[in-house]
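> Sharing a sequence plus its predicted fold:
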Amino acid sequence: MSKISKLVFYRSGEVVRDIGLIYLDNIITEMSNEGYKIRSILHSNYLEIHEFNKNEFFKYIINQKVSKYFPYVRNSSKYGHNSQSEENFHSNFLKLLDIVEKLNLKDEKEQMEILRDYENLEATCTICHTYLITKYDITHKNELKIRKNSKYNYSFMGWENNTFNNYGLDNPSVCFVCEFLNLMYLLYMSLAKPSVLVVIEDLKVMKFLNYKLLLSIENLNEKGFYRKLAQYKNRKVRLYKLITHAKKGVILKLNSILEFENIIRNIKLSDLIDRFNFGKDSAEKKKLCKGFIISNNIESLKCFLIKDLLFIDNKDEKRILDEWKSKSNIKIYLEILTIISKEGENIKMNKFNNPMKENEFEKLGFTLGRKISQENKKTIMFKLNQMLKADNRTGIFQTLVHLITVNELSIPKNFSKVIINGSEYELHYNIGKLMESFLIENKEDE
């Protein structure tokens, strides 16, 4: 019976190896829960395994995790059909476990002795930069077999004798330890069937994000997912989509790199979308808006919300403006503008929205609201909303000048500058403030 007090595997920063490492921890946890003595402790930068028993681990993998052969390496002469029998596959896998166990935490001189039968090359693995590589490979045959780079040793390297290999066929650059962790990675791909991998520079966090949250593409549109990610301030979060290639095996496509600031922004925007009052197909529209947020398609988000800015109830075949929901939508839209605007800080602090005094357009909205009847107010709101959608600045200017003139009011400072020459964000923000206050106030004699 083979026992060792402790095995240690360090994080490498390479996605395949590290995913394999945390899935190995998952397997050890399962075994421990089923009564095996083996146990593991996952740290931020390494995994330690206590009471490792090579034969028990081998039997658990063969009986619980593998269906005849390892997945995605069907043509492997070590772990697939090309080994010619399950007995040969088992023999090769046991040899790999034996080497991994013996190499663990050994210095270079000790490694050279352990790898003597495979003729070490006095060079370290290009993946982990820790363990020595060898000229010869594991085999069930009574002969020496030259070790070649391929997807059978490590993912993304293509099949043997091809030109996809990044390292060159005559350079066996992957060690046996990384080969073992690659097999754990392939088990995870096969059994968990993730559609997304989340990679972060912390093994404990990676395990939580990949196993506890049970990630799928749909989760990427959920604010709860981003709230979890937001805990890891100042850390880059890489998202990978999985693609299966007939010759290259399972490959990963970098979907996005999320910075902390963007995560926080997405949380805030998703919260606001959840509060926005859509008419028909509300759930679908919210999902679509969250998709715009994730893809950073801000222009589409803004245009989509403008269309539903005013909430219309259809009662008794009449279109009725719901003032409360419309005011709420305008307020939410203004908050979204402040978050997404590249000029956000300028919008917050300019003379039309100085936190120390009332916004001039908001003030005009209050004043007009006290002078115009509810029926006329609804007509004006519809008109302003339509002109905002069409970016009809001349129409907005003429409409407001007319209202100011007939109600004998003064034109605010920089009024024409904001409407005619201001940025789109500045125009929408200030007209939004006007529309919001315009709906709040009632005509004085009503």
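Received, thanks. Worth saying up front: this structure is predicted, and the values here are computed from it rather than measured.
> got the residue ranges for the strands in the stretch 251-400 of the chain?
Here the stretch 251-400 of the chain has its strands, by DSSP state E, counting those that start in this stretch, at 312-315, 318-321.
> Then the stretch 51-200 of the chain?
Using DSSP E, counting those that start in this stretch, strands in the stretch 51-200 of the chain cover 120-124, 132-134, 196-199.
> Indicate which one of these is closest to residue 68.
strand 196-199 (25.8 Å; CB to CB). Quick note: C-beta positions are derived from backbone N, CA and C, even for glycine.
> where's that closest one relative to the chain centroid, distance-wise?
Here strand 196-199 is found 7 Å from its chain centre; the criterion is CA atoms, centre = their mean, to the nearest Å.
> so what does it touch, helix or strand wise?
Packing contacts for strand 196-199, counted by 3 or more CB pairs under 8 Å, 6 or more residues apart in numbering; DSSP states H and E, involve helix 15-33, strand 237-245.
> Counting neighbours, which bits of the shortest one end up buried?
Residues 237, 238, 239, 240 are the ones in strand 237-245 that count as buried (16 or more other CB atoms under 10 Å).
> Quickly list what the third one is bridged to.
This means residue 239. Beta-bridge pairing for residue 239 (DSSP bridges): residue 198, residue 256.
> That one and residue 198, how far apart?
Distance, residue 239 to residue 198, by CB to CB, to the nearest Å: 6 Å.
> same thing with residue 108?
With CB to CB as the criterion, residue 108 and residue 198 are 34 Å apart.
> okay, the strands of the stretch 251-400 of the chain in a markdown table with mean neighbour count and mean pLDDT next?
Putting these into a markdown table (neighbours: other CB atoms under 10 Å; pLDDT from 0 to 100) gives the following:
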| stretch | mean neighbour count | mean pLDDT |
| --- | --- | --- |
| strand 312-315 | 11 | 78 |
| strand 318-321 | 12 | 79 |
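> How far does stretch 38-53 sit from its chain's centre?
Per CA atoms, centre = their mean, the centroid offset for stretch 38-53 relative to its chain is 28 Å.
> swap that for stretch 65-77, please
30 Å.
> if we can go back for a sec, possible to save the strands of the stretch 251-400 of the chain as a markdown table with distance to residue 82?
Below are the strands of the stretch 251-400 of the chain laid out as a markdown table (distance: least, CB to CB, whole Å):
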| stretch | distance to residue 82 |
| --- | --- |
| strand 312-315 | 67 |
| strand 318-321 | 70 |
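> Ok, which of those strands comes nearest residue 87?
The nearest among the strands of the stretch 251-400 of the chain, by CB to CB, is strand 312-315 at 72.8 Å.
> What segments of the stretch 151-300 of the chain are helices?
176-192, 203-207, 223-229, 260-275, 282-294, 298-307 (DSSP state H, counting those that start in this stretch).
> Show me the contact partners of stretch 387-396.
303, 306-307, 309, 384, 386, 399, 419-420, 424, 427-428, 431 (CB atoms under 8 Å, 6 or more residues apart in numbering).
> List buried residues within those.
The buried subset of the contacts of stretch 387-396 - by 16+ other CB under 10 Å - is 306, 309, 384, 419, 427, 428, 431.
> closest one to residue 439 among the helices of the stretch 151-300 of the chain?
So among these, helix 298-307 is nearest, using CB to CB, at 16.2 Å.
> Would you mind putting the CA coordinates of the closest one into CSV?
Output of helix 298-307 as CSV, limited to C-alpha atoms (Å, rounded to 0.1, in the frame of the first residue of the first chain):
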residue,chain,number,x,y,z
ILE,A,298,-24.3,51.3,-23.9
GLU,A,299,-25.7,53.1,-26.9
SER,A,300,-28.3,50.3,-27.5
LEU,A,301,-29.1,50.3,-23.8
LYS,A,302,-29.8,54.1,-23.8
CYS,A,303,-31.9,53.9,-27.0
PHE,A,304,-33.9,51.0,-25.6
LEU,A,305,-34.7,52.7,-22.4
ILE,A,306,-35.7,56.0,-24.1
LYS,A,307,-38.5,54.1,-25.9
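> coming back round to it: for residue 186, which of the helices and strands packed on strand 196-199 is the nearest?
helix 15-33 (7.9 Å).
> Show me what that closest one is packed up against.
Identification of packing neighbours for helix 15-33 by 3+ CB pairs under 8 Å, 6+ apart yields strand 39-42, strand 46-53, helix 54-60, helix 176-192, strand 196-199, helix 203-207.
> So which elements touch the fourth one?
By that I understand helix 176-192. By 3+ CB pairs under 8 Å, 6+ apart, helix 176-192 packs against helix 15-33, helix 86-103.
> So which residues make contact with the shortest one?
Contacts with helix 86-103, where a contact means CB under 8 Å, 6+ apart, come from 2, 4, 7, 52, 54, 57-58, 61-62, 68-70, 78-80, 83, 111, 114-115, 131, 138-140, 175-177, 179-180, 183.
> Now list the buried members of those residues.
With burial judged by 16+ other CB under 10 Å, the buried subset of the contacts of helix 86-103 is 7, 52, 54, 57-58, 61-62, 69-70, 78-80, 83, 111, 114-115, 131, 138-140, 175-177, 179-180, 183.
> any idea how far the residue most central in space within the chain is from residue 293?
Against the mean C-alpha coordinate of the chain, by CA atoms, centre = their mean, the closest residue is residue 239 at 4.6 Å. For residue 239, the distance to residue 293 equals 15 Å [CB to CB].
> same check, this time on residue 27
In terms of CB to CB, residue 27 sits 37 Å off from residue 293.
> repeat for residue 140
Distance, residue 140 to residue 293, using CB to CB: 54 Å.
> wait, doesn't residue 125 sit right on residue 179?
No: using CB atoms under 8 Å, residue 125 is not in contact with residue 179; the gap is 9.3 Å.
> Now residue 178: closest residue in space that isn't a chain neighbour?
In space, and not counting its chain neighbours, residue 178 is closest to residue 127: 4.4 Å by CB to CB, 6 or more residues apart in numbering.
> What is the burial count for that neighbour?
Neighbours of residue 127 under the rule other CB atoms under 10 Å: 22.
> Which residues are in contact with it?
Neighbouring residues of residue 127 by CB under 8 Å, 6+ apart: 12, 14, 17, 154, 173, 174, 175, 178.
> and residue 404, which of the three is it?
Each residue gets one of three states, and residue 404 gets helix by DSSP: H, G, I helix; E, B strand; the rest coil.
> Check what pLDDT it gets.
Among the per-residue scores, residue 404 holds a pLDDT of 94.
> next one: residue 254
At residue 254, pLDDT is 73.
> Next: residue 401.
95.
> From residue 395, how far out is it?
11 Å.
> So for residue 108 and residue 198, which sits in the more crowded spot?
Between residue 108 and residue 198, residue 198 has the larger neighbour count (other CB under 10 Å), namely 24 against 12.
> give me every residue that touches that one.
Residue 198 sits next to 206, 209, 210, 215, 237, 238, 239, 240 when contact means CB under 8 Å, 6+ apart.
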